[in-house]
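**Q** the sequence isn't on hand, but the structure is:
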Ligand SMILES: [Zn+2]
Ligand SMILES: [Zn+2]
């Protein structure tokens, strides 16, 4: 088979889907059938609601059509002829599309809406003289193409994945059509891989696992604002403690700035003019205040609070800062997109000649932290955009600083020309999870504008005031989102050091509870997170519960263990690993952590 572009395959596949539906439901009326990421869909009026059980039948018919080797026949016709053809076929939706084409020169709903709002521009609309019509089997479609020449060129590596209701042209007052969605790849192996990823991603969905593992919840009383439960807080605190320790050891100090700050600050920082739609406001003593959407302006006030000498630089100030941003409710997605989140922020104030070395240190720290979680990553560099502020010279120095740091660290990177912020170039870190999905988390961003706006300075060797360069950076991005990524990456089975509960102790009978509690106490005394797993249920049921909670270790204690001062150890995914003393068990655990 010759190489055909995946786009053409998926597009042609939509026609085959339509023909299959027409063969099975002769009265079907067809809406539109575009390609989408990984596949295609067709909106069809079948006169009834389809369910998932109807899809295998349609899929089988599609395979028949592909094997039959039907040609795609193209015909150019006038608009009037086209209308006659579809009238004869009883295809009212297609006639509607033709009418739009006649009136607006397009069938694109967004373009039509724009034209309706902007009536002056309607004069130069030209309806096409001819339109192309494609026929495959008994199915005739209005379409621009291109397609494959014959259905036998199509691979069988496709699958109908979904059926849902869809209003004609997305309008609630219109008829409800059936949207049949399919996925298609050039090779069976690719389809299988994609289906596997889809299934895994669904199993690992952090919203589902967050509920099952009792980590966090969302409530109507605060749409987009996550509630962290006991176990979620344990996980969160472990993350934050680890983060703080790494930063302390790498020369950062830590600050906390207030949530609410006066309007004047946000006007000065430029947020009032450029970021207002994402901010929340309130009044205090008749004055306007905003909830911080970013930590920088508050941090700058601390910098300005004392005089800095060149000897103090670089000054590295970290803040786990809770920021609020007004995201539209439609884009909220579990912990991945929330309305308040904690940035693992830090600002570095330095002299221009320190840029390269400092960037290298941030890269090292980022690398160290990602490796701790087992993530690999790639780096992207964004350079000077058109609307940039600051001189060419300053941009060139900064961009070279970033490039040289990456080069000296021997890190390959992608360049996004002109994609930097208007206030400075940046490096982004995209980490890769175990399903191969990419997440932009860390960022290193140079800023020449804030120091100007706030007139920041340090005193140089000769006693003169000099402007420092400011650098914004995050490594995890947002604690909340990073937790979501971790949950999905580990499918909720956290490594021992992150597991909210590391060990549960299950007494075989009630008589063994005292001994179980003694075991727990000695584990807790060693700093382990251990809990009792008692209750009316049978031992095997309790063990099953702990396994569902993905607890790394389950210790079973009965009369035999009590007598020998032993524990029977079960490890997650492995099962029974034998009886041993608590000291021996603790050695094993310590090694793992
Ligand atoms: Zn087509
Ligand atoms: Zn910042």
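**A** Here it is on my side, so go on. Note that the structure is a prediction, hence the values are computed from the model and not measured. Ligands and ions are numbered 1, 2, ... in the order given.
**Q** contacts, neighbours, all on C-alpha from now
**A** OK.
**Q** how about residue 574, what does it touch?
**A** Going by Cα atoms under 8 Å, 6 or more residues apart in numbering, residue 574 touches no other residue.
**Q** at 10 Å what do you get?
**A** residue 552 (Cα atoms under 10 Å, 6 or more residues apart in numbering).
**Q** next: the one 3 residues further on.
**A** With contacts defined as Cα under 10 Å, 6+ apart, residue 577 is in contact with 568, 569, 570, 571.
**Q** and those residues as CSV, adding distance to ligand 1 and neighbour count?
**A** Formatted as CSV, the contacts of residue 577 follow (distance: Cα to the ion, whole Å; neighbours: other Cα atoms under 10 Å):
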residue, distance to ligand 1, neighbour count
568, 65, 21
569, 62, 22
570, 58, 19
571, 55, 16
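**Q** of those residues, which belong to strands?
**A** 568, 569, 570, 571 (DSSP state E).
**Q** contact residues of the protein facing ligand 1?
**A** Residues of the chain lying near ligand 1 by Cα under 5 Å from the ion: 143, 145.
**Q** before we move on, the earlier item: as a markdown table, the ones in strands among the contacts of residue 577 with pLDDT would be great.
**A** Shown next, in a markdown table, are the ones in strands among the contacts of residue 577 (pLDDT from 0 to 100):
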| residue | pLDDT |
| --- | --- |
| 568 | 96 |
| 569 | 97 |
| 570 | 96 |
| 571 | 96 |
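**Q** quickly name whichever of those residues is closest to residue 437.
**A** Distances from residue 437 to the ones in strands among the contacts of residue 577, taken as Cα to Cα, are shortest for residue 571 (28.6 Å).
**Q** residue 348: neighbour count?
**A** Using other Cα atoms under 10 Å, residue 348 has 23 neighbouring residues.
**Q** quick one, what contacts it?
**A** 252, 313-318, 355, 358-359, 362, 446, 468-473 are the contacts of residue 348 under Cα under 10 Å, 6+ apart.
**Q** farthest pair within the ones in strands among the contacts of residue 577?
**A** Using Cα to Cα, the two most remote members of those are 568 and 571, lying 10.2 Å apart.
**Q** now do the shared contacts for these two.
**A** Shared contacts of residue 568 and residue 571, counting by Cα under 10 Å, 6+ apart, come down to 554, 555, 577, 578.
**Q** mark which of those are buried, thanks.
**A** Buried members of these, scored by 16 or more other Cα atoms under 10 Å, are 554, 555.
**Q** how about residue 289, secondary structure?
**A** strand (DSSP: H, G, I helix; E, B strand; the rest coil).
**Q** write out the residues of the chain neighbouring ligand 2.
**A** Near ligand 2, when you scan the chain using Cα under 5 Å from the ion, you find 296, 472.
**Q** selecting buried members of the contacts of residue 348 in PyMOL, what would you type?
**A** In PyMOL syntax, the buried subset of those is picked out as below (16+ other Cα under 10 Å):
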select buried, resi 252+314+315+316+317+318+355+358+359+362+446+468+469+470+471+472+473
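**Q** inside helices: which ones of the contacts of residue 348?
**A** Among those, DSSP state H puts 355, 358, 359, 362 in helices.
**Q** including distance to residue 52 and pLDDT, could those go into JSON lines?
**A** Converted to JSON lines, the ones in helices among the contacts of residue 348 look like this (distance: Cα to Cα, whole Å; pLDDT from 0 to 100):
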{"residue": "355", "distance to residue 52": "58", "pLDDT": "91"}
{"residue": "358", "distance to residue 52": "56", "pLDDT": "95"}
{"residue": "359", "distance to residue 52": "53", "pLDDT": "95"}
{"residue": "362", "distance to residue 52": "51", "pLDDT": "97"}
